[in-house]
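J.: With the input below, show me the fold.
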Amino acid sequence: MGQKGAPLRWDRKMQQRLARGEAAALGELYDRFASLVHGLAHRVVGDERAADGITRDVFAHVWEHPDAYDPRQGPLRTWVAALTHRLAVQRLRATGTAALAEDGGGAAQAEELERTVRSASVAARADYIVQAMPAPLRAALELAYFQRRDYRQTATDLGVTEDEARRRLRLGLQLLATAHEAGSPGAPPGYGGAA
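T.: Numbering: from 1, shown residues only. Coordinates of the predicted model:
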């Protein structure tokens, strides 16, 4: 089990510490995941103050319900990201629904709200995927898309073969494609879905 077991061991211990009510565990969890939570929340709702509130809500939920996390279902990081996404989408929908009610909005505005929620979900999931992917894949994508390098230039910059650069770019793009698939209508609920 080697390296793969280590993070899950940390996740289990963190859950146990939270269940015992160790405030230091919450502080450690906050230090590790606060920027992820805030970034995802901000990406979905597009508002700094709302993202701050969602960040507080996420950590309050983790503190109050540590047993809601099941280590057998995956890493704690993924669970926290999914919780953040769900709360951010709920906030976005609540805000949009309140605005529709205030404006006397109709079906067209409600559909526009749902499109906005789906778009924000896809963007947040893409951000999470890029941040979570292995550094070699992320570096290849950053060179190709932010610095507009082709695969040959990417290979040279990374000091790898052209075949390796193509493989990294292809795999990175395949991972990013899952963000769009998860946010499409009819996708199963869950992280990145329509919630």
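J.: which ones are touching Tyr23?
T.: One correction, residue 23 is Ala, not Tyr. Residues near Ala23 by C-beta atoms under 8 Å, 6 or more residues apart in numbering: none. Glycine gets a C-beta too; all of them are placed from N, C-alpha and C.
J.: mind listing what's buried in stretch 8-25?
T.: 11, 14-15, 17-18, 25 (16 or more other C-beta atoms under 10 Å).
J.: Now the phi/psi pair for the residue positioned nearest the centre of the chain, please.
T.: Nearest to the geometric centre of the chain sits Tyr128, at 3.8 Å (C-alpha atoms, centre = their mean). Dihedral angles of Tyr128 (phi, psi; degrees, to the nearest 10) stand at phi -60, psi -40.
J.: gap between it and Glu64?
T.: Shown here: Tyr128 relative to Glu64, a distance of 24 Å by C-beta to C-beta, to the nearest Å.
J.: ditto for Val80
T.: 14 Å.
J.: So which of the two has more stuff around it?
T.: Set Val80 next to Glu64 and count neighbours by other C-beta atoms under 10 Å: Val80 wins out with 22 against 9.
J.: If I look at the more buried one, what pLDDT would I see?
T.: Here the pLDDT value assigned to Val80 is 92.
J.: Who are the contact partners of it?
T.: By C-beta under 8 Å, 6+ apart, Val80 lies in contact with 29, 33, 36-37, 58, 62.
J.: do Phe59 as well
T.: By C-beta under 8 Å, 6+ apart, Phe59 lies in contact with 26, 29-30, 34, 37.
J.: please redo it, this time with the cut-off set to 7 Å
T.: 26, 30 (C-beta atoms under 7 Å, 6 or more residues apart in numbering).
J.: Do a quick rundown of the helices in this structure.
T.: Per DSSP state H, the chain carries helices over the ranges 2-19, 23-45, 48-64, 76-103, 107-132, 135-145, 151-158, 162-183.
J.: right, and the residue nearest to the centre of the chain touches Arg43 too?
T.: No - Tyr128 is not in contact with Arg43 according to C-beta atoms under 7 Å; the separation is 8.8 Å.
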